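Engineer: Build me a structure from this.
(chains A and B)
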Amino acid sequence: DTAVSQTPKYLVTQMGNDKSIKCEQNLGHDTMYWYKQDSKKFLKIMFSYNNKELIINETVPNRFSPKSPDKAHLNLHINSLELGDSAVYFCASSQGRGPQETQYFGPGTRLLVL
Amino acid sequence: AQTVTQSQPEMSVQEAETVTLSCTYDTSESDYYLFWYKQPPSRQMILVIRQEAYKQQNATENRFSVNFQKAAKSFSLKISDSQLGDAAMYFCSNAGGTSYGKLTFGQGTILTVHP
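Structural biologist: A predicted model of the protein is given here:
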């Protein structure tokens, strides 16, 4: 059973389009995260939800909007895609929201904007 | 604010040998946690080892151990008896005590294991 899953794994789209990435965890965790890994492999947190409440909201363009319908799911919607949005997006989850928590990562979604 | 620096973009090791990956960090928090994550070619990030800053004892997990030097803000990862499956990109990261699990990552070190 996959602990943290993401769909789709690959996404190729045109500039200006709107797309969504979905994440689901079956670990019973309370906290979920979105990270962006750029072409140089640099990883940066974008958002985090704890029990459907937004607790981390980093400085990202407001074209990015996370949504957590329940604590097992965290989606990322991106409006008006730009070339610079091309990256690998990782979802992660942890039991709690503290800094000591081990985060479990999904396999990533590779987004390519043409 | 947290910063994490990995000064070795690439490292290589012979199978069964030992290798050490370097990491330095900076933080304004008195309580924090340090992690090493591994990203194999499959892309999925996996926790290797964790160190609580308030603990003086270095963490160990089987063949993986850390050298945590709090005053120097250094957190290196030692891999003993290296195996081919250890080949991956390794990320050092830091989460401050008030950060809600916000991990700050270093640039990563690509580890190659030669048979």
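Engineer: List, one by one, the residues from chain B near chain A.
Structural biologist: Residues of chain B lying close to chain A by C-beta under 8 Å from any C-beta of the partner chain are B:31-33, B:37, B:39, B:42-47, B:50, B:52, B:89, B:91, B:95-105, B:107-108. C-betas here are computed from N, CA, C, even on glycine.
Engineer: now the residues you listed: which count as buried?
Structural biologist: B:32-33, B:37, B:39, B:43-45, B:50, B:89, B:91, B:95-96, B:99-105, B:107-108 (16 or more other C-beta atoms under 10 Å in any protein chain shown).
Engineer: ok, B:Glu10 - contacts?
Structural biologist: Taking C-beta atoms under 8 Å, 6 or more residues apart in numbering or on different chains, we find B:Glu10 in contact with B:109-112.
Engineer: Just the residues of chain B next to chain A: which are in strands?
Structural biologist: B:32-33, B:37, B:39, B:46-47, B:50, B:52, B:89, B:91, B:95-96, B:104-105 (DSSP state E).
Engineer: Not counting sequence-adjacent ones, nearest residue to residue 63?
Structural biologist: In the absence of a named chain, this looks at chain A. Setting aside the residues directly before and after it, A:Arg63 is nearest to A:Asn79 in space (C-beta to C-beta, 6 or more residues apart in numbering or on different chains), at 4.5 Å.
Engineer: hmm, I had chain B in mind actually
Structural biologist: Sequence neighbours aside, B:Ser80 is the residue nearest to B:Arg63 in space, at 4.7 Å (criterion: C-beta to C-beta, 6+ apart).
Engineer: Looks like the one you found contacts B:Ser65 (just checking).
Structural biologist: Yes. B:Ser80 lies in contact with B:Ser65 (C-beta atoms under 8 Å); the separation is 7.3 Å.
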